[in-house]
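**Q** Sequence first, then the predicted structure:
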Amino acid sequence: MYDLRHGTIRFETNVANGVCDVEFDRKDISMNKFIAACLESQFVMFDARTQHNTEGFASTTQKTKISTTLWGVRHLPQDRELFTALLGDGSVELYRYEYPSKRVSTHADGSPRGLGGKAKHMGSAQLSTQPVNSWDWHAERRGLGVCTSFDQVVHVVIASTC
């Protein structure tokens with residue numbers, strides 16, 4: 001994470017896998033959490049509220065139900081705890097982020113340290129035989145989305161669990 005105002009690196013970490021996409025949960029609020037979509041069906045969720053001096057942001061790594069590259073994640077604009085994972089086998093998975101009971105703990109050095117949450121799988125759908133490479137949620141209609149895949153098809157999706 002690069003701070004453009006100060007021209008310095010604010011946070012960097014190695015997630016032990018190639019990163020395909022990174023997205024903050026909402027654009028219109030102060031930093032809350034962000035997710036990195038990675039190779040080998042892995043996504044890493046970072047709690048951006050509390051940054052420790054040496055450990056950085058708290059994170060939790062999870063795997064999708066299907067073993068494939070994760071091309072991206074997109075948060076629902078009306079509910080920042082819901083997000084869609086775009087998978088390389090042409091499917092999408094819907095997750096709900098669950099916060100830990102406490103978001104901050106005290107490190108051994110006495111400074112505050114964040115705690116990461118986990119994601120609960122809500123559902124999935126096979127949309128294509130090729131990777132789903134983009135997704136956009138409707139700004140006003142909850143659960144309505146549109147996505148594309150490498151098979152050159154545009155899919156309009158209604159997620160009823162939203």
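**A** Received it, and whenever you're ready, just let me know what you need.
**Q** Give me the contacts around the top strand by length along the chain.
**A** For the chain, the strand that runs over the most residues, judged by DSSP state E, is strand 42-52. If you take C-beta atoms under 8 Å, 6 or more residues apart in numbering as the criterion, strand 42-52 is touched by 10-11, 15, 17, 24, 31-38, 57-64, 70, 73, 85, 97, 103-104, 107, 111-119. For the C-beta atoms, the positions are set from N, CA and C on the backbone; glycine is no exception.
**Q** Just the buried subset of those, please.
**A** Buried by 16 or more other C-beta atoms under 10 Å: 17, 33-38, 57-60, 62, 64, 70, 73, 85, 97, 103, 113-117, 119, out of the contacts of strand 42-52.
**Q** mind checking pLDDT for the spatially most central residue of the chain?
**A** What sits nearest the mean C-alpha location of the chain, by C-alpha atoms, centre = their mean, is residue 35, with 3.1 Å. What the model reports as pLDDT for residue 35 is 95.
**Q** ok, and what's touching the lowest-mean-pLDDT helix or strand in the chain?
**A** Ranked by mean pLDDT, DSSP states H and E, the weakest helix or strand in the chain is strand 104-106, scoring a mean of 80. Strand 104-106 is contacted from outside by 49, 50, 112, 113, 114, 115, using C-beta under 8 Å, 6+ apart.
**Q** Just give me the closest of those residues to residue 141.
**A** Set against residue 141, the nearest of these by C-beta to C-beta is residue 49 (29.2 Å).
**Q** separation between the closest one and residue 57?
**A** Distance, residue 49 to residue 57, by C-beta to C-beta, to the nearest Å: 8 Å.
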